[in-house]
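> Sequence and predicted structure below; questions after.
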Amino acid sequence: MCGIAGIYHFDPNIQVNEIVLKRMTQSMIHRGPDEEGYHLEKNIGLGHRRLSIIDIENGQQPMFSNDGGLILIYNGEIYNYLELRSELIKFGYVFKTKCDTEVLLYAYDKWGVDCLSKLNGMWAFAILDKRKNDLVLARDRMGVKPLYYFLDDKTFAFSSELKGFYHDFNLEKDNGELWDALVFGPKPGGKTYFKNVFELHPGSYLIISLNSKNIRTGEYYKLEDTLIEESSEIDYEYIEYLINDAVKIRLVSEVPLGSLNSGGIDSSLMSAIANHFVEENQLNTFSIAPEKQNGTVLPGDESYYAELLGKFIKSNHHTIRYNENDFFGLIESSQFYNDGILFHSNSIPQQILFQHIKEDFGITVLLSGEGADEVFRGYGNNKFVNFYNLISLFPFTKNIGEKIITKNLNKFDDPVFKEYPFLLKLTLLHNAHLRSEIVNTIMGINGCISDDRIHLLNKTKRLSMSNKVIFYEQKCYLSGLLQRVDRMSMRYSIEVRVPFLDYRIVNELNKIKFSLKSGINEKKIKKILKRISLNYLPKEIINRRKMGFCSPLNVYKHTMIKEIKKFDRHNNFVNQTGEEIFILLNYYLLNENQGKSLDLFYSN
């Protein structure tokens, strides 16, 4: 895992400022504390920070092809690199290292951007192709690894994090995009909170012709295409093989490795499978939980099940605990490292967890169960989708079904959602945060849904209504989770790998009919994964009621309101939920901290 950055001035007579490039790269030293590397030539420059995982002694970047015609900087892991290496050797390629970076370099040399469809992994990279005089950027299929770029009429620049642009690019906040995020939640790719700064879409590449200054983008992976087919066939044996293989290939590492285990079915299955591929009693598993208050277990404490799984698979399990002071002491730091608003309060417990894992156990690589809920259909709204599909077969009961589902959804009548079909509206709400009138009040504008989000919704036109739900969730809700785990882990130079988002698993599950993956009661949620888990897990974990990874926000609610009152004494926030108050606090802190120097944040 690494951090990458680069600058390209359209005017060939303007040289890249080496100090600026180094400042961009140094702002992400937490992503790559082991080494740094730079390449500058006239109006273009590349910078790299390295976190050494594979072939530690080699693999320095920027990496050059033998003839110097290709120069690569790269953040990620290619899990099938040994297979690709063998294929490239047959074509006559000679390798100097044992790392996946060199494999990626020569995969591009052989196949160009078509190599992207051959890769299994997570990545964001840039290649200066001096033969074609192109600068090529690309990002993995699901958007596990981040990549941002700045563009105006004079300069193109890119960075693994928004922090790379903080000092030298005269950033101006985009209130329209901020409004959209506060109301509708995260989205993958497109415009960001800052004007002229964009996120490269997952499954996409961008090519700048250095001759014509032309910029073009392309998609090598379209998630919507995986959802067109609705098969009634389930190959359990093949899916189980894919899960095992996805875990196995993500265990390749030359540094200490562990597994995140919350006690839920996803991380439990992943940890149990991983335990089969490592030496006995060598797997360290970790969970995070709030301290009890007056002997009461708080929301977010799944330690009983996590420790149960640890005993069952005989891993070395460690439960890390935090209190309210720990939580509030890290909000601003977590927000900074997250590159903006914390859409998930558990970013803070995650930061605490990763700090302990790195400082107390020296572990650099972790497996995470992220993505299983989105792929195998684990959220409660899946029950609503199936219930609605069933009851809508009878027109006279359709309205009754809608009333039952929306009874406790207090944002369902928000006018910004009124034009969307019922199930899509339900999915938008799953990703949403604040009512539009609240955001209009605190920002002083009458906002509207962003063009990027409308474009995303338009991509679902060919899909059934149920698959529209899957598409939007895998695009938007998942993007927030992936940003959370990437930023909080890389804060402490830890690489997190996500087996359930192996594209082979995503493709296989997305073609299966919705109702075969999820039913209308708790036992029928995530049916396929539960059936496979019978071979690996105790029934107490498989059959337990789903508990999302959360923080005790309603317990901390009054403290958050006190903090908000420091910024806004006029509005009454008592009637908001703990989650809504947390997002409001994030908004006020974001405004307060805008423009603070990196040095101030690094001193926290």
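Okay, I see it.
> Test for you: state the pLDDT assigned to the residue nearest the centre of the chain.
The centre of the chain sits closest to L482, judged by CA atoms, centre = their mean, with a distance of 1.4 Å. Note on L482: pLDDT of 97.
> So it: helix, strand or coil?
Counting by DSSP: H, G, I helix; E, B strand; the rest coil, the backbone at L482 sits in helix.
> so it sits right up against V144, yeah?
Yes. When contacts are counted by CB atoms under 8 Å, L482 is listed as touching V144 (5.6 Å). The C-beta positions use only the backbone N, C-alpha and C, and glycine is treated the same way.
> can you list residues touching both of these two?
Common contacts of L482 and V144 (CB atoms under 8 Å, 6 or more residues apart in numbering): V498.
> quick one: the residue nearest to the centre of the chain from I341, how far?
Distance of L482 to I341, computed by CB to CB, to the nearest Å: 15 Å.
> repeat for V113
33 Å.
> Then K425?
Noted for K425: a distance of 23 Å to I341, by CB to CB.
> likewise L257?
Taken as CB to CB, the span from L257 to I341 is 31 Å.
> Please apply the same query to Q61.
31 Å.
> Between these two, which has more neighbouring residues?
The residue with more neighbours, out of Q61 and I341 and counting by other CB atoms under 10 Å, is Q61; that gives 27 against 23.
> State whether the more buried one and N75 are indeed in contact, as I suppose.
No. With contact defined as CB under 8 Å, Q61 does not count as touching N75 (9.6 Å).
> Can you show me the strands along the stretch 51-200 of the chain?
Under the criterion DSSP state E, counting those that start in this stretch, the stretch 51-200 of the chain contains strands at 63-64, 70-78, 121-129, 134-139, 148-151, 155-159, 190-191, 197-199.
> Deepest in the core, which of those is it.
Between those, strand 70-78 has the highest mean count of neighbours, a mean of 25, where neighbours are mean count of other CB atoms under 10 Å.
> quick one: it to chain centroid distance?
Counting by CA atoms, centre = their mean, to the nearest Å, strand 70-78 is centred 19 Å from the centre of its parent chain.
> returning to what we had before: joint contacts of Q61 and N75?
With contacts defined as CB under 8 Å, 6+ apart, the residues adjacent to both Q61 and N75 are C2.
> burial of L516, as a residue count?
Applying the criterion other CB under 10 Å, we find 16 residues in the vicinity of L516.
> that's a strand at it, yeah?
No. Read with three-state DSSP, L516 is helix and lies in no strand.
> so what's it up against?
When contacts are counted by CB under 8 Å, 6+ apart, L516 touches 232, 234, 527-528.
> let's see 7 Å
For L516, the set of contacting residues under the criterion of CB atoms under 7 Å, 6 or more residues apart in numbering consists of 232, 234.
> For Y236, see how far away it is.
Separation of L516 from Y236 (CB to CB) stands at 11 Å.
> you'd agree H430 is up against Y477?
Yes. Under the contact definition of CB atoms under 7 Å, H430 touches Y477, with a separation of 6.2 Å.
> So for those two, which sits in the more crowded spot?
It is Y477, of H430 and Y477, that has more neighbours when counted by other CB under 10 Å, with 23 against 18.
> Per-residue pLDDT of the more buried one, please?
94.
> How about I352?
In this model, I352 is scored at 97, pLDDT.
> how near is it to N323?
10 Å.
> the more surrounded of the two?
Counting neighbours by other CB under 10 Å for I352 and for N323 shows that I352 has the greater number, 19 against 13.
> Spit out the contact partners of N284.
Under the criterion of CB under 7 Å, 6+ apart, the contact partners of N284 comprise 258, 315-316, 318, 361, 363.
> In the beta-sheet assignment, what are the partners of it?
The bridge-partner assignment for N284, based on DSSP bridges, gives G258, N316.
> Just give me the neighbour total for V365.
Neighbours around V365, by other CB under 10 Å: 24.
> no no, T285
29.
> contacting residues around it?
258-259, 261, 271, 310, 315, 317.
> From those, pick the one nearest R544.
Within the set of these, N261 lies nearest R544; the separation is 13.8 Å, counting by CB to CB.
> Go ahead and confirm that closest one touches A306.
Yes. Under the criterion of CB under 7 Å, N261 lies in contact with A306, with a separation of 5.2 Å.
> did I read that right, Q335 in a helix?
Yes. If the criterion is three-state DSSP, then Q335 is within a helix.
> burial count for it?
The number of residues near Q335, taken as other CB under 10 Å, comes to 21.
> so how many other residues sit close to the nearest residue to it once chain neighbours are set aside?
Counting by CB to CB, 6 or more residues apart in numbering, L342 is the residue found nearest to Q335 once chain neighbours are left out, at 5.6 Å. Here the number of neighbours of L342 (other CB under 10 Å) works out to 25.
> One more: E41?
When counting by other CB under 10 Å, one arrives at 12 neighbours for E41.
> sorry, back to before: Produce a ChimeraX select command limited to the buried residues of the contacts of N284.
Here is the ChimeraX selection string for the buried members of the contacts of N284, based on 16 or more other CB atoms under 10 Å:
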select :258,315,318,363
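> Out of the contacts of N284, which is nearest to M488?
I363 (14.5 Å).
> just checking, that closest one touches G258?
Yes. If you go by CB under 7 Å, I363 and G258 touch, sitting 4.6 Å apart.
> Next, show the common contact partners of the two.
With CB under 7 Å, 6+ apart applied, the overlap between the contact sets of I363 and G258 consists of 284, 357.
> low-scoring stretches of the stretch 501-604 of the chain, by residue?
For the stretch 501-604 of the chain, applying pLDDT under 70 flags the ranges 594-604.
> Could you pull up the contacting residues of the closest residue to Y220 other than its chain neighbours?
Closest residue to Y220 in three dimensions, ignoring its sequence neighbours and counting by CB to CB, 6+ apart: L116, at 4.5 Å. Counting by CB under 7 Å, 6+ apart, L116 makes contact with 138, 205, 220.
> Using TSV, lay out those residues together with distance to D245 and pLDDT.
Shown next, in TSV, are those (distance: CB to CB, whole Å; pLDDT from 0 to 100):
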residue	distance to D245	pLDDT
A138	24	98
Y205	26	98
Y220	22	98
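> now, among these, which is nearest to R250?
Proximity to R250 was ranked across these by CB to CB; first place goes to A138, at 20.3 Å.
> which residues does the closest residue to that closest one other than its chain neighbours bridge with?
The shortest distance from A138 to any non-neighbouring residue, by CB to CB, 6+ apart, is to Y205 (4.1 Å). In this structure, Y205 bridges to A138, G218 when assessed by DSSP bridges.
> what about Y205, distance to G143?
Between Y205 and G143 the distance is 13 Å, computed by CB to CB.
> so where is this structure shaky, pLDDT-wise?
Counting by pLDDT under 70, the chain contains low-confidence ranges at 1, 53-56, 58, 408-411, 594-604.
> Would you mark the buried spots in whichever strand or helix holds N325?
With secondary structure defined by DSSP states H and E, N325 is part of helix 324-329. By 16+ other CB under 10 Å, the buried positions in helix 324-329 come out as F327.
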